[in-house]
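Q: this one's structure only:
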């Protein structure tokens, strides 16, 4: 029988070159407050989730070349268009028009470091 977990994703990590600037970017775009923790070889900024939820974090590191790394799909706090607008205003880049699929809409974007992210709403 094949391995079939409830969620295949356990965790995500996004490397960033300017830790504080990246925290401000993600806080602005997603209307949230990442929590900085120093629990390992370097500080991390945790994306908040409800108890029992799975998430990820930012960490000081070297991102893959612009748009070439994996893509993390992140939930929008409001409409896709409103989140896209905040992303651009905060220094990110929308790389394609929204795509509609049966479970919602999403678009591919880049954060200021060139990390590939998707806004899902």
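A: Thanks, I have it. Computed from a predicted structure; not experimentally measured. Residues are numbered from 1 along each chain as shown.
Q: all helices of the chain, in order?
A: Secondary structure of the chain by DSSP state H: the helices cover 19-30, 80-89.
Q: Next, count neighbours for residue 17.
A: By the measure other C-beta atoms under 10 Å, the count of residues near residue 17 is 13. Glycine gets a C-beta too; all of them are placed from N, C-alpha and C.
Q: Hmm, it is touching residue 115, no?
A: No: if you go by C-beta atoms under 8 Å, residue 17 and residue 115 don't touch, sitting 10.1 Å apart.
Q: anything in contact with each of these two?
A: residue 63 (C-beta atoms under 8 Å, 6 or more residues apart in numbering).
Q: Give me the spatial nearest neighbour of residue 44, chain neighbours excluded.
A: residue 57 (4.1 Å; C-beta to C-beta, 6 or more residues apart in numbering).
Q: To clarify, my last question referred to residue 10.
A: residue 54 is the one closest to residue 10 (C-beta to C-beta, 6+ apart), at 6.6 Å.
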